[in-house]
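In: build me a structure from this.
(chains A and B)
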2 protein chains.
Amino acid sequence: MKVIKYPDKKDWHELIKRPAIDEKSIRKIVKPILKKVQEKGDKALRKLTYEYDHVELDHILVNPSEIEAAKKLVKSDLKNAIHQAYENIEKFHTAQRQNTIEIETTAGVICKRKNVPIEKVGLYIPGGSAPLFSTILMLGIPARVAGCKQVIMCTPCNRSGEIVPAILYTADLVGIEMIAKIGGAQAIAAMAFGTKTIPKVDKIFGPGNQFVTAAKQVVSQRGTAIDMPAGPSELAVIADDTAVAEFVAADLLSQAEHGADSQVILITTSEKLLNKVRKEINEQKTELPRKHIVQKSLENARLILVKNIEEAVQLSNFYAPEHLIIAADNEEILAESIVNAGSVFLGNYTPESAGDYASGTNHTLPTYGYARAYSGISLDSFMKRITFQKISEAGLTNLGPSVMHMATAEKLEAHKKAVSIRLKYIQENEKT
Amino acid sequence: MKVIKYPDKKDWHELIKRPAIDEKSIRKIVKPILKKVQEKGDKALRKLTYEYDHVELDHILVNPSEIEAAKKLVKSDLKNAIHQAYENIEKFHTAQRQNTIEIETTAGVICKRKNVPIEKVGLYIPGGSAPLFSTILMLGIPARVAGCKQVIMCTPCNRSGEIVPAILYTADLVGIEMIAKIGGAQAIAAMAFGTKTIPKVDKIFGPGNQFVTAAKQVVSQRGTAIDMPAGPSELAVIADDTAVAEFVAADLLSQAEHGADSQVILITTSEKLLNKVRKEINEQKTELPRKHIVQKSLENARLILVKNIEEAVQLSNFYAPEHLIIAADNEEILAESIVNAGSVFLGNYTPESAGDYASGTNHTLPTYGYARAYSGISLDSFMKRITFQKISEAGLTNLGPSVMHMATAEKLEAHKKAVSIRLKYIQENEKT
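Out: Below you'll find the model as predicted:
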């Protein structure tokens, strides 16, 4: 942990620097994988799964009996927890539904905007050390609320060809009908290009390792939309002396356990709190099973002391963190000034892990400073907005001359003609 | 123009194929330009502008006297037209404002979603053969309605260092305070990385040639958001025998004049109409000043005869056109079935050029099939959505156990601890 006291504003840029991501070398590994899947389809998927996941798949798709078996293996405590999370996430994402907008901009000119679900979406769920069934809720529920017609999920299996029961249980719960036992860049390729078994989708969602992330970026340049660019997970905490050091330390550690490259930053106006948090982190970390990961990511942690709470907010906005906790007096008023962040957690009793799992907000959020321009996943991520317009004869008479003047000034005569030919027709019909 | 009668569904894929875009070779040209601007800033901008636009700039930014001069040069007819367009575009984009969503998902758990403007945005406006001041309205008005703090515009100047008056007039009208006389990939680099004169922005918008498009794609992989991927402009028309052939022909030609690579497609149930439209196109095109461009893009035009109107809609959805005109009986009912399109124009008196300029809808739309997953520019494109949550002690008591069960199942013990340490504190405080 680095402690920085009263940094000068001109050093902020250096202070919040994120580690560079070496995309180029990863892409070199990923591109041949994409090519193989594009050319050889399912055959390539089986071969790559054997190479990377060390399993010979007899069937690519999970079958109903596997789902049934999984349902029996998930304990009822966990089922109940998943159900509470499901309900909250569904409530919050249903509240995001937007009505069609319709207005008459000029007499006889009706403009409309309608939200339409993206037809086919693909969800990637990582396997590996932690089985992230919570991400299935975060992606599968809004896909369902949006009304996407086809939802496909890819997730790697273990060497016995099995998927963790909680993943299958949750996928079934959110109504995903097609689950493929494919992981890595090959899964992204399968959903982007389509194979005999796995349909081509319009948009791919979900987190993953650097190969998955690189594959998503490459396919996004070739016609398949992706949810957002991804980087290591981040948490900033703004705290004053009303914050509880034990809680702040626990929050910073909860972020630090995600991965060795996770970023955690404390911005505080209280030197006393800073010292207490540092002490608490060192104590609490010893008990954690993932302490080797925590230890590594803490090397990059920064505990920053600033002059006042306004500066804390400014520095946070400058950093644009994925997650932001505000544990300070008048947190709701401070929150009004937050302009760059993925998701914000207010007060002493709002741990970030509540939003990771069950409070209702989405946990797929912009990292790496992307919060300056990108939003986290919401219902809108699974929809597109189509505009419609209908102009009456009177409407075109009202609007047409302006269109013609502008088209002429832009030297687009055929654009003008498309109006004038109609106005002429209207005038001639009026005469008769 | 190719005429295709009653194509088999299995041939649709071939039928609507878009021309491949050679991105790789363009990127090779663009990347060194980006590097120069990133390293040498304004100096590189001046040098590149001399090389590509053949002008030695004495000042990069447009100064107030240039704006004042432009205001006098724009004729009042055009000013009035621009004002009518302005009002309609402002009305439609203001109607897109969304309220903050706030719900209590579980007792004591408040989740909120708030729309916040992107702070700094950059608009690129192409120069060249047609001065696209209409695009300034389409980007500048929603940026203003959203409340973006800084709006920068880049547009190339001519060899005398001048910008077309209508462009300066419109930029001033929408309140753009900083206009740089820089075009091409170097303009995108300047806005993405920042120079001494041009500030670094969070998101870049606007159309451009293949170099601009490639530069936008490259910077989008390096941390600057962009509006959307771009390809040649497109129009599909769905028509039955209630359509007016002269109008349909004029619409197809208005799209064809955009560029030699523009795509125009007629999908009709009426062979009579198809033949009439073909004849009309051949007649009308001879009068057009841009007929050399029109002639080229018509080579790729397709006039497709289908069995019934439902098939026409299906084929259009399969193609996912940027613009779609429905000139057919019951057009509003047919519109309900449109799921993939950028913007839809209904009826015989709704030419696409109305939406290009003045009806109120946005003309920056997804091309190249991206309409399957992307939306056109709207107010949301200039905002991001930040979620907030606040959990009370009672709320955490209600929600906490679920979070802990899920964190344990995902093997993230520090996530669990961030809750348990608080619950313990609450319990201990209750006792005392």
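
In: which intervals of the stretch 301-432 of chain A have sub-threshold pLDDT?
Out: Low-confidence segments of the stretch 301-432 of chain A (pLDDT under 70): A:432.

In: quick one: which helix or strand includes the residue nearest the centre of chain A?
Out: In chain A, the C-alpha closest to the average C-alpha coordinate belongs to residue A:364, at a distance of 3.4 Å (C-alpha atoms, centre = their mean). Using DSSP states H and E, residue A:364 falls within no helix or strand.

In: so what are the domain limits for chain A?
Out: Here the domain parsing of chain A from automatic domain parsing is A:23-109+A:117-228, A:231-375, A:392-431.

In: show me what contacts the residue nearest to the centre of chain A?
Out: A:135, A:138-139, A:205-207, A:227-228, A:376-377 (C-beta atoms under 8 Å, 6 or more residues apart in numbering or on different chains). From N, CA and C alone the C-beta is placed, and that goes for glycine too.

In: for the domains of chain A, give me TSV that also has distance to residue B:126.
Out: Putting these into TSV (distance: least, C-beta to C-beta, whole Å) gives the following:
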stretch	distance to residue B:126
domain A:23-109+A:117-228	22
domain A:231-375	22
domain A:392-431	11
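
In: please identify the most buried of those domains.
Out: Burial of the domains of chain A is given as mean neighbour count (mean count of other C-beta atoms under 10 Å in any protein chain shown); domain A:231-375 ranks first at a mean of 22.

In: what's the spacing between the nearest residue to residue A:382 once chain neighbours are set aside and residue A:381?
Out: With sequence-adjacent residues excluded and distances taken as C-beta to C-beta, 6 or more residues apart in numbering or on different chains, residue A:382 is closest to residue A:146, at 3.6 Å. Residue A:146 sits 8 Å away from residue A:381, going by C-beta to C-beta, to the nearest Å.

In: quick one, what contacts the spatially closest residue to residue A:310 that is not a sequence neighbour?
Out: Nearest residue to residue A:310 in three dimensions, chain neighbours excluded: residue A:337, at 8.0 Å (C-beta to C-beta, 6+ apart). For residue A:337, the contacting residues are A:310, A:313, A:317, by C-beta under 8 Å, 6+ apart.

In: doesn't the first one fall inside a strand?
Out: No: assessed by DSSP: H, G, I helix; E, B strand; the rest coil, residue A:310 does not belong to a strand; its assignment is helix.

In: tell me the mean pLDDT for the host helix or strand of residue A:32?
Out: Counting by DSSP H and E, the element that carries residue A:32 is helix A:23-40. Helix A:23-40 carries an average pLDDT of 94.

In: output the contacting helices and strands for it.
Out: helix A:42-53, helix A:184-193, helix A:210-220 (3 or more C-beta pairs under 8 Å, 6 or more residues apart in numbering or on different chains; DSSP states H and E).

In: now the ones you listed in a markdown table, with distance to chain B?
Out: Formatted as a markdown table, those follow (distance: least, C-beta to the nearest C-beta, whole Å):
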| stretch | distance to chain B |
| --- | --- |
| helix A:42-53 | 19 |
| helix A:184-193 | 12 |
| helix A:210-220 | 6 |
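
In: hang on, isn't residue A:90 packed against residue A:143?
Out: No: contact criterion C-beta atoms under 8 Å: residue A:90 and residue A:143 do not qualify, at 11.6 Å.

In: do a quick rundown of the helices in the stretch 1-150 of chain A.
Out: For the stretch 1-150 of chain A, the helices defined by DSSP state H, counting those that start in this stretch occupy A:12-15, A:23-40, A:42-53, A:64-73, A:76-94, A:133-146.

In: if you could redo that for the stretch 251-400 of chain A, that was the one I meant.
Out: Assigned by DSSP H, counting those that start in this stretch, the helices in the stretch 251-400 of chain A fall at A:271-285, A:291-298, A:309-319, A:331-335, A:352-357, A:393-409.

In: part of a helix, is residue A:237?
Out: No: assigned with three-state DSSP, residue A:237 falls outside any helix and is strand.

In: thought it was touching residue A:251?
Out: Yes: between residue A:237 and residue A:251 there is a contact under C-beta under 8 Å: 6.2 Å.

In: between those two, what contacts are shared?
Out: The contact lists of residue A:237 and residue A:251 share residue A:325, where a contact means C-beta under 8 Å, 6+ apart.

In: chain B contacts on the stretch 101-250 of chain A?
Out: Within reach of chain B by C-beta under 8 Å from any C-beta of the partner chain, the stretch 101-250 of chain A has these residues: A:101, A:103, A:105-106, A:109, A:111, A:113, A:116-119, A:129-134, A:166, A:202-203, A:217, A:221, A:223-225, A:229, A:244, A:246-247, A:250.

In: residue A:306 contacts residue A:266, correct?
Out: No: using C-beta under 8 Å, residue A:306 is not in contact with residue A:266; the gap is 10.4 Å.

In: just to revisit the earlier point, between the contacts of residue A:337, which is closest to chain B?
Out: Distance to chain B, by C-beta to the nearest C-beta, is smallest for residue A:317 among the contacts of residue A:337, at 8.5 Å.

In: in JSON lines, list the helices of the stretch 1-150 of chain A along with distance to residue B:29.
Out: Output for the helices of the stretch 1-150 of chain A, formatted as JSON lines (distance: least, C-beta to C-beta, whole Å):
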{"stretch": "helix A:12-15", "distance to residue B:29": "31"}
{"stretch": "helix A:23-40", "distance to residue B:29": "19"}
{"stretch": "helix A:42-53", "distance to residue B:29": "33"}
{"stretch": "helix A:64-73", "distance to residue B:29": "51"}
{"stretch": "helix A:76-94", "distance to residue B:29": "44"}
{"stretch": "helix A:133-146", "distance to residue B:29": "38"}
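
In: residues touching residue A:89, list them.
Out: Neighbours of residue A:89 in contact, by C-beta under 8 Å, 6+ apart: A:137-138, A:141-142, A:358, A:360, A:362.

In: just to revisit the earlier point, quick one: which of the helices of the stretch 251-400 of chain A is nearest residue A:187?
Out: helix A:352-357 (23.0 Å; C-beta to C-beta).

In: where exactly do the strands run in the stretch 101-250 of chain A?
Out: Ranges of strands in the stretch 101-250 of chain A, per DSSP state E, counting those that start in this stretch, are A:101-106, A:109-117, A:120-124, A:150-154, A:178-180, A:203-205, A:225-226, A:234-239.

In: switch the ones you listed over to CSV; also include mean pLDDT.
Out: CSV is the format used below for these (pLDDT from 0 to 100):
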stretch, mean pLDDT
strand A:101-106, 98
strand A:109-117, 98
strand A:120-124, 98
strand A:150-154, 98
strand A:178-180, 98
strand A:203-205, 98
strand A:225-226, 96
strand A:234-239, 97
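
In: can you put those in JSON lines and add distance to residue A:188?
Out: Listed next are the strands of the stretch 101-250 of chain A as JSON lines, based on distance: least, C-beta to C-beta, whole Å:
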{"stretch": "strand A:101-106", "distance to residue A:188": "35"}
{"stretch": "strand A:109-117", "distance to residue A:188": "22"}
{"stretch": "strand A:120-124", "distance to residue A:188": "7"}
{"stretch": "strand A:150-154", "distance to residue A:188": "8"}
{"stretch": "strand A:178-180", "distance to residue A:188": "12"}
{"stretch": "strand A:203-205", "distance to residue A:188": "6"}
{"stretch": "strand A:225-226", "distance to residue A:188": "9"}
{"stretch": "strand A:234-239", "distance to residue A:188": "23"}
